[in-house]
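>>> could you look at this predicted model? Sequence included:
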Amino acid sequence: MSNLVIVPTYNEKENVEALIKAIFSLSVPFEVLIIDDNSPDGTASIVKNLQSANNNIHLIERPGKMGLGTAYIAGFSWALEKGFKYIFEMDADFSHDPNDLVRLFNTCNDGVADVSIGSRYVSGVNVINWPLSRVLMSYIASIYVRVITGMKIKDTTAGFICYRKEVLENIKPFRIKSRGYCFQIEMKFVAWKLGYKLVEVPIIFTDRKQGTSKMSGGIFSEALYGVLRMKLRSFFIRYKRQGV
């Protein structure tokens, strides 16, 4: 297969098996890489049991909570080493509909985009089960990022994404400075600065039904200050693709 879905997990025993099965039921073939940060609830054990019957399930176990950015950096490095053509990010809690993986794949595979983004805001505000305060916080944060960076992306903090292999090879994710939710913004920003085409695919985002949310106001504060640091750093960086 040439498609890998990277899913970071921490205490996702209620969701991880159902999510993997949903991904494998799709019309497009995917492999799945779970990156588990030593979940006390036994998430990794569930994944290991599933691995015994399916060699398209992969697992990286880490010693503890090390942050979303470092999880994706580990996953991207693993995916590039294995030669996957399309690499996806998604959450484990079904806030991202697995069926939308096919739409993200088609957008890149058809040559429409180098990076396809599952966007909550490109066609209005498509968020279910969030309180209004959280919707406003997220929406305003994305406007702020657009103003600071100049990117036209409506959902700059989105974490449901498909990257072409070449994009990750040129971004070199290990060089990304941000490690929290600003990681998602900086990845898009660097891809954009490198001249890649980013396309938003409208999705409906549904807040988790099982497990506990990891989101907080502090995460958005971190993203806001991180964007300023990222923009300032960009003035001292020459963005250039390999072989260009």
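Perfect, thanks for sending it.
>>> show me where this structure has its strands.
3-9, 31-36, 57-61, 86-89, 115-119, 127-128, 161-164, 198-202, 205-206 (DSSP state E).
>>> in JSON lines: those strands, plus mean pLDDT.
Output for the strands of the chain, formatted as JSON lines (pLDDT from 0 to 100):
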{"stretch": "strand 3-9", "mean pLDDT": "98"}
{"stretch": "strand 31-36", "mean pLDDT": "98"}
{"stretch": "strand 57-61", "mean pLDDT": "98"}
{"stretch": "strand 86-89", "mean pLDDT": "98"}
{"stretch": "strand 115-119", "mean pLDDT": "97"}
{"stretch": "strand 127-128", "mean pLDDT": "86"}
{"stretch": "strand 161-164", "mean pLDDT": "98"}
{"stretch": "strand 198-202", "mean pLDDT": "98"}
{"stretch": "strand 205-206", "mean pLDDT": "91"}
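>>> output those in CSV; the columns should cover distance to residue 49 and mean neighbour count.
For every residue, glycine as well, the C-beta is placed using N, CA and C. Below are those laid out as CSV (distance: least, Cβ to Cβ, whole Å; neighbours: other Cβ atoms under 10 Å):
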stretch, distance to residue 49, mean neighbour count
strand 3-9, 14, 25
strand 31-36, 12, 24
strand 57-61, 10, 17
strand 86-89, 23, 25
strand 115-119, 29, 26
strand 127-128, 31, 14
strand 161-164, 28, 26
strand 198-202, 33, 20
strand 205-206, 27, 20
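>>> let's have the ones you listed in a markdown table, adding distance to residue 150.
Converted to a markdown table, the strands of the chain look like this (distance: least, Cβ to Cβ, whole Å):
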| stretch | distance to residue 150 |
| --- | --- |
| strand 3-9 | 28 |
| strand 31-36 | 32 |
| strand 57-61 | 35 |
| strand 86-89 | 23 |
| strand 115-119 | 16 |
| strand 127-128 | 25 |
| strand 161-164 | 20 |
| strand 198-202 | 13 |
| strand 205-206 | 25 |
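>>> for residue 241, find the nearest of the ones you listed.
Nearest of those to residue 241, taken as Cβ to Cβ: strand 161-164 at 12.1 Å.
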